[in-house]
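**Q** got a predicted structure plus its sequence, pasted below:
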Amino acid sequence: MLLQPTIFLMITLCFCLLTQVHALSLSHVHHSPRYMDGSSEAGIKIYYTLDQPAQVILSIFDDRELMIRQLNSNRVMDKGEHFFLWQGMDQMNRPVPAEAYHYTLIAENQQGKVEYDVTDQTGGNPVKVSNIIWDKAKQTINYRLSKLARVNLRAGLADNGPLLAMLTDWLPRRYGKHQFNWDGLDNSRTVDLTQLENIEIYAQAFSLSDNTLLVGPSVQHITDIDIKHWPLVKRIRKKPVKKRMRVHHQQSRDKRGDFTVSIVLPADLKINARGLPVIQELTPLRFNIKASDQSRVINDRFEPILFIDGQYSTENEVGFFPMTWNLDPNTLSAGEHYITVNLRGYEGHFGAASVRIEIPPSEKQHPDKLIETTNNDQ
C-alpha cells in the first residue's frame, strides 16, 4: 500500500532530524595563548568541544605544510570541552625553531569523522605595516602590525630608484610594535644607505590563519625541521586556489622568498688603496644568481635592471642567464661609483646586489651609458 504524502513527509523529516542528532560535531575550536616564546612547560592549549564521545587527533604543520607533531587522545573523549597541550616540541620531542605553525583536528567515532582545518579559509589578507620609522643613529627600524602576519621589509632609493637591501623576507610577526636592527648597509655590504638621500623602507604583510601557533623569539631566518625521523605527512589543501600574479600568501614557502644575487668582476683588476677595483678599460660585469635560486628565477621569469650611483642605466625586458654587461670607464666621470643590479621577478620577488668601483681620470670620458649586454662570460 502506498504511503500518504503527509505520512511520507513526516518520516522523511524524522529521518533527517535523527541523522543530524547523531552526526558528530567538532566545535568551539580555539587556542591560548596565541604566542609561545620557545619551548615551554606552559605551552599552548588547543581547545575543542565534542557533541558526543569520539577519539581526537591533533596534527601540527610547518610552513612547508609538513606534519611536525601529532598528538592522539589515545582514548574516546567524552562529550564536552577538552584541550590538547602543545609544548613546542616536534615528533622527536625536540624544541621546534621559532616560526609560525598551524594545526588541524580530526574527531572520529562510529557515527563518522569530522575535521577542523581553517588554514585555507582564513588569513592571506593584506595587513598594513604602519608607523615605519628608521632611526639611523640607533640603527633600528620600528613599525607596527594590526594583525599576526608574515612581513617583508626592503630598503631602497625612492622615486623609482634601486632596491638595495632585503631586510625581512616574509617572516612571521605578532601584532603590535616591532623593532628591527639594521646597520644601514646594503645586501652586498658595500653601500652605506645612511649616507644617501631619499631612502625609503618598503613594507608588505599578509595575515596568518586563525589556527596559527606562533613560536618565538623573532628571528631573521627560517630554520627547517628535519622530518626524516618520522613518516612524511603533508596537509591537503581544503580550498581551491585561483592563481593570481604577485600574491605571496598563495605561494608555497619554497617559492615565496626574494632571490640572492651578486655582481662578479674579473679577479685580475687593479685594487686601489681603499680596496676598490679600478676600471681602466672595457670590463665585463657579470650578474650572478645563487645556484639554489636559479631554477626558480628562470621559472618565475625576470628582468635584470642596472643602476649607476642610484640612477637607472639599462635593463633587459627578457631576462636570461648567465648575463654580462660590458662597462666602459669612459662613460663615467673619474672617482668612486657604486653599481647596483636589481632582479625583478614577475611574481613579486626581487634580488639586489651592489659593488663599488673607481674610475681613474681619462681624457676620453663622456656621459654615455653602458653600451653592451651579452649572454656569455667573456
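**A** Ah, there it is.

**Q** use CA for all of it now, contacts and neighbours both
**A** Fine.

**Q** outside of stretch 201-208 itself, list whatever touches it.
**A** 122-129, 132, 134, 147-156, 170, 249 (Cα atoms under 8 Å, 6 or more residues apart in numbering).

**Q** oh sorry, the question was meant for stretch 267-274
**A** Outside stretch 267-274, the residues that reach it (Cα under 8 Å, 6+ apart) are Pro277, Val278, Ile279, Glu358.

**Q** now with 10 Å?
**A** Leu276, Pro277, Val278, Ile279, Gln280, Thr283, Ile357, Glu358 (Cα atoms under 10 Å, 6 or more residues apart in numbering).

**Q** about what we covered before: filter the contacts of stretch 201-208 down to just the ones in helices.
**A** Nothing among the contacts of stretch 201-208 maps onto helices, per DSSP state H.

**Q** neighbour-wise, which one of the contacts of stretch 267-274 leads?
**A** The most crowded member of those, judged by other Cα atoms under 10 Å, is Glu358 (23 neighbours).

**Q** any idea of the mean pLDDT for the helix or strand hosting it?
**A** Assessed by DSSP states H and E, Glu358 sits inside strand 350-359. The predicted model gives strand 350-359 an average pLDDT of 96.

**Q** ok now it, how far from the chain's centre?
**A** The chain centroid and the centroid of strand 350-359 are separated by 25 Å, computed with Cα atoms, centre = their mean, to the nearest Å.

**Q** would you list the buried entries among the contacts of stretch 201-208?
**A** Of the members of those, the ones counted as buried by neighbours, 16 or more other Cα atoms under 10 Å, are 123-124, 126-129, 132, 134, 147-156, 170, 249.

**Q** farthest-separated two in the contacts of stretch 267-274?
**A** Farthest-apart pair in the contacts of stretch 267-274 is Leu276 and Thr283; separation 14.5 Å (Cα to Cα).

**Q** hang on, the earlier thing: tell me which of the contacts of stretch 267-274 fall in strands.
**A** Among the contacts of stretch 267-274, the ones falling in strands (DSSP state E) are Pro277, Val278, Thr283, Ile357, Glu358.

**Q** and which of those is nearest to Leu163?
**A** When the ones in strands among the contacts of stretch 267-274 are compared for distance to Leu163 (Cα to Cα), Ile357 wins out at 18.7 Å.

**Q** how close does the closest one get to Leu276?
**A** According to Cα to Cα, to the nearest Å, Ile357 and Leu276 sit 5 Å apart.

**Q** find residues that contact each of these two.
**A** Common neighbours of Ile357 and Leu276 (criterion: Cα under 10 Å, 6+ apart): Glu336, His337.

**Q** give the contact list for Gln195.
**A** Lys136, Gly184, Leu185 are the contacts of Gln195 under Cα under 10 Å, 6+ apart.

**Q** quick one, what contacts the most centrally placed residue in the chain?
**A** Ranked by distance to the mean C-alpha position of the chain (Cα atoms, centre = their mean), the top residue is Trp170 at 3.0 Å. Trp170 is in contact with 149-153, 204-206, 220-222, 248-249, 253, 256-258, counting by Cα under 10 Å, 6+ apart.

**Q** in strands only, show me these.
**A** Counted as lying in strands by DSSP E, out of these, are Ala149, Arg150, Val151, Asn152, Leu153, Gln204, Ala205, Phe206.

**Q** which of these sits closest to His337?
**A** Nearest to His337 out of the ones in strands among the contacts of Trp170 is Leu153 (Cα to Cα; 25.9 Å).

**Q** domain assignment for the chain?
**A** The chain breaks down into these domains under automatic domain parsing: 19-116, 129-207, 261-374.

**Q** what comes up buried for stretch 54-71?
**A** 54-62, 65-70.

**Q** same question, stretch 71-91
**A** Buried-residue list, stretch 71-91, by 16+ other Cα under 10 Å: Met77, His82, Phe83, Phe84, Leu85, Trp86, Gln87, Gly88, Met89, Asp90, Gln91.

**Q** what's the pLDDT at Leu13?
**A** We have a pLDDT of 47 for Leu13.

**Q** err, Arg237, not the other one
**A** 89.

**Q** can you verify it is assigned to a helix?
**A** No: in this structure, Arg237 is coil, not part of a helix, as judged by DSSP: H, G, I helix; E, B strand; the rest coil.

**Q** all good on my end, thank you.
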